[in-house]
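Participant: Next comes the sequence, and after it the predicted model I'd like to discuss.
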Amino acid sequence: MKYEAVIGLEVHVHLATRSKLFCSCPTTFGVEPNQNVCEVCAGMPGVLPVLNEKAVEYAARLGFAVDCTINNDSVFARKNYFYPDLPKGYQISQFEKPICEHGHLNITVDGQTKRIGITRIHLEDDAGKNIHSAVDNVSYVDLNRAGVPLVEIVSEPDMRSAEEAVAYLKALHAIVTHLGVSDGNMEEGSFRCDANVSIRPVGQEAFGTRTELKNLNSFRHVQKAIEYEIARQQDELEDGNAIVQETRLFDSAKGITLPMRSKEEAQDYRYFPEPDLLPVHIDPEKLEAWRASLPELPEARLNRFIQEWQIPAADAETLIADPALCAFFEASVAAWSPQQARKIANFILGPLLRAINQDGVTLDRVAMTPAQLAELARIVDSGLISTKIAHDIFPDLLKDGGSPEEYVKQKGLAQVSDTSAIDSVVLAVIAENPAEVEAFRGGKTKLMAFFVGQVMRRMKGRANPAVVNEALSRHLNA
């Protein structure tokens with residue numbers, strides 16, 4: 001029997017506010033344990049929460065970006081459960097009346113576009129963090145993260161493969177980072193997800209029993225965990241076993257999912273309206289101002305890069321994935337011309353991205369400006385230097401900045417286009433390689449690359465390749 005997967009995702013996104021959701025404690029990551037804590041986020045008796053308006057704005061802006069209905073009135077609720085990192089004994093979340101509902105997000109997989117429904121986006125405060133020490137045989141609780149504002153984005157069960165789930169996550173990640181509502185750092189837990197996975201016979205409308213997968217902190221882990229879980233459930237059904245509704249952890253080292261606990265339902269949390277917070281009301285004028293302030297969204301920007309600037313789709317997707325890289329690219333294009341966008345993209349996705357990945361630097365730490373990168377691409381296009389020379393000097397320009405054209409002139413690296421100088425070297429190379437010349441003239445035209453290499457080596461890479469190719473063609477075919 002053939003099965004198909006049914007997948008829905010619950011994505012938790014840390015909002016990039018300076019303070020927590022219900023108190024003024026900072027949200028800075030990486031400080032000493034229990035430094036960003038006050039009586040409110042520590043759950044002390046008698047304290048009262050005060051809502052952070054910026055978090056409401058960020059949630060609404062995200063809702064607009066995924067075509068949600070933004071509710072002028074929403075209500076906070078208490079989600080009751082006990083865990084050591086939840087000092088209040090409940091989480092302040094939204095249940096019956098969330099801030100955003102009924103949206104969607106388009107994804108593209110294997111050239112096919114598909115719409116994924118978004119059920120709701122609601123605000124809630126995060127829990128703390130348990131730290132388990134095998135050495136000391138004790139567990140510690142760090143409450144720095146307790147109270148940090150989150151939005152939870154709940155999708156419809158519209159995805160049918162791990163590839164679709166990853167495409168949805170990447171599209172959502174691009175939106176939250178381009179909006180600036182989150183830094184999207186998955187390693188720090190700013191963007192994390194749980195996956196609800198079930199399978200059913202192809203053609204059956206009713207859903208199968210689902211499991212919830214946790215501990216998914218990278219796109220790769222999401223794909224591997226879902227693929228494993230689909231295969232595991234299929235094996236269970238084919239062996240005549242029933243699927244147990246449960247929460248499972250993904251073991252990234254072994255590439256498997258393991259049982260964690262039975263799956264809770266809404267009634268297990270005993271939701272009820274938060275008595276210490278008034279219902280949230282957003283004036284229509286304020287909502288409209290937030291909508292009007294939205295930047296160009298990733299999908300529109302991607303289409304513009306591909307259709308107007310002629311950037312290959314895969315390259316455009318790489319640029320869109322990183323808002324800082326995308327901004328650097330657009331500023332470089334603005335410094336030269338949209339007609340030259342593809343030439344600039346080649347430098348961005350080539351030596352610039354390679355330096356960032358290899359050296360671990362970030363764009364805000366490099367000396368090269370977007371205008372200087374555009375200038376480098378321009379002097380290559382004009383023939384002042386070759387692409388090889390541009391790549392050779394790129395690390396120095398990235399580190400020290402300055403005008404690439406002035407650097408080239410000071411170092412004496414300008415490309416040689418003098419036909420007489422190139423002709424003399426070409427004739428010398430031809431004279432020194434009679435066997436290769438005879439083979440070329442006998443039909444082995446691929447030897448042209450050999451001759452070009454010999455000439456470029458003699459001229460230390462400074463010869464104009466177009467002039468070299470023309471001179472070789474002229475003399476070899478004489």
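Facilitator: The structure has been received and is ready for your questions. Numbering: from 1, shown residues only.
Participant: Can you spell out the domain ranges of the protein, please?
Facilitator: Structural domains annotated on the chain: 3-285, 296-411, 419-476, as defined by automatic domain parsing.
Participant: Serialize those domains to TSV and add fields for mean pLDDT and mean neighbour count.
Facilitator: Glycine gets a C-beta too; all of them are placed from N, C-alpha and C. Output for these, formatted as TSV (pLDDT from 0 to 100; neighbours: other C-beta atoms under 10 Å):
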stretch	mean pLDDT	mean neighbour count
domain 3-285	94	17
domain 296-411	92	17
domain 419-476	88	15
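Participant: Next one: the residue nearest the centre of the chain from residue 309, what distance?
Facilitator: Taking C-alpha atoms, centre = their mean, the centroid of the chain lies closest to residue 321, which sits 4.4 Å from it. Counting by C-beta to C-beta, to the nearest Å, the gap from residue 321 to residue 309 is 17 Å.
Participant: now residue 177
Facilitator: Distance from residue 177 to residue 309, by C-beta to C-beta: 21 Å.
Participant: Then residue 194?
Facilitator: Taking C-beta to C-beta as the measure, residue 194 falls 37 Å from residue 309.
Participant: Also residue 254?
Facilitator: Distance, residue 254 to residue 309, by C-beta to C-beta: 44 Å.
Participant: before we move on, back to that, quick one, what contacts the residue nearest to the centre of the chain?
Facilitator: Residue 321 makes contact with 170, 173-174 under the criterion C-beta atoms under 8 Å, 6 or more residues apart in numbering.
Participant: could you redo the last one with a cut-off of 7 Å?
Facilitator: Residues near residue 321 by C-beta atoms under 7 Å, 6 or more residues apart in numbering: 170, 174.
Participant: Check which element follows the biggest helix by length in the chain along the chain.
Facilitator: Longest helix in the chain by number of residues (criterion: DSSP state H): helix 219-238. Following helix 219-238 in sequence order, the next helix or strand is strand 246-251 (DSSP states H and E).
Participant: can you dump the C-alpha coordinates of that following strand into CSV?
Facilitator: Included here for strand 246-251 are C-alpha records, laid out as CSV according to Å, rounded to 0.1, in the frame of the first residue of the first chain:
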residue,chain,number,x,y,z
GLU,A,246,3.4,11.0,21.2
THR,A,247,6.2,13.6,21.3
ARG,A,248,9.5,12.4,19.9
LEU,A,249,13.0,13.9,20.1
PHE,A,250,15.3,13.9,17.1
ASP,A,251,18.8,12.5,17.9
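Participant: Could you list the paired strands of that strand along with their orientation?
Facilitator: strand 211-216 (parallel), strand 256-262 (antiparallel) (DSSP bridges).
Participant: So for stretch 5-22, first residue to last residue, what's the gap.
Facilitator: One end of stretch 5-22 sits 39 Å from the other (C-alpha to C-alpha, to the nearest Å).
Participant: try stretch 106-113
Facilitator: End-to-end distance for stretch 106-113: 7 Å, by C-alpha to C-alpha.
Participant: thought residue 279 was touching residue 73?
Facilitator: Yes: Residue 279 is in contact with residue 73 according to C-beta atoms under 7 Å; the separation is 5.8 Å.
Participant: Same list (the strands paired with strand 246-251) but as a markdown table, adding distance to residue 442.
Facilitator: Converted to a markdown table, those look like this (distance: least, C-beta to C-beta, whole Å):
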| stretch | distance to residue 442 |
| --- | --- |
| strand 211-216 | 61 |
| strand 256-262 | 60 |
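Participant: quick one: the helices in the stretch 351-478 of the chain?
Facilitator: Along the stretch 351-478 of the chain, counting by DSSP state H, counting those that start in this stretch, helices occupy 353-359, 370-381, 387-400, 404-411, 419-432, 434-441, 448-458, 465-476.
Participant: Could you save those as TSV and add columns showing distance to residue 5?
Facilitator: As requested, the helices of the stretch 351-478 of the chain are exported to TSV (distance: least, C-beta to C-beta, whole Å):
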stretch	distance to residue 5
helix 353-359	33
helix 370-381	43
helix 387-400	44
helix 404-411	51
helix 419-432	61
helix 434-441	57
helix 448-458	49
helix 465-476	51
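Participant: Of all those helices, which one is nearest residue 299?
Facilitator: helix 353-359 (22.1 Å; C-beta to C-beta).
Participant: Give the other helices and strands that the closest one contacts.
Facilitator: Helices and strands touching helix 353-359, by 3 or more C-beta pairs under 7 Å, 6 or more residues apart in numbering; DSSP states H and E: there are none.
Participant: ok, and what's touching that helix?
Facilitator: With contact meaning C-beta under 7 Å, 6+ apart, helix 353-359 is reached by 361, 395, 398.
Participant: Check stretch 54-61 too.
Facilitator: Stretch 54-61 is contacted from outside by 15, 17, 21, 70, 99-100, 121, 123, 149, 151, 179, 181, 280, 282, 287, 290, 294, using C-beta under 7 Å, 6+ apart.
Participant: Sitting in strands, which of the residues you listed do you find?
Facilitator: Among these, DSSP state E puts 70, 100, 121, 123, 149, 151, 280 in strands.
Participant: Redo the residues you listed as JSON lines? Include distance to residue 335.
Facilitator: Shown next, in JSON lines, are the ones in strands among the contacts of stretch 54-61 (distance: C-beta to C-beta, whole Å):
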{"residue": "70", "distance to residue 335": "38"}
{"residue": "100", "distance to residue 335": "38"}
{"residue": "121", "distance to residue 335": "37"}
{"residue": "123", "distance to residue 335": "40"}
{"residue": "149", "distance to residue 335": "37"}
{"residue": "151", "distance to residue 335": "36"}
{"residue": "280", "distance to residue 335": "44"}
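Participant: gap between residue 291 and residue 243?
Facilitator: From residue 291 to residue 243 the distance is 43 Å (C-beta to C-beta).
Participant: sorry, that was for residue 322
Facilitator: From residue 322 to residue 243 the distance is 39 Å (C-beta to C-beta).
Participant: what does residue 191 give?
Facilitator: Applying C-beta to C-beta, the value for residue 191 to residue 243 is 29 Å.
Participant: Equivalent analysis for residue 40, please.
Facilitator: 42 Å.
Participant: now do residue 199
Facilitator: In terms of C-beta to C-beta, residue 199 sits 8 Å off from residue 243.
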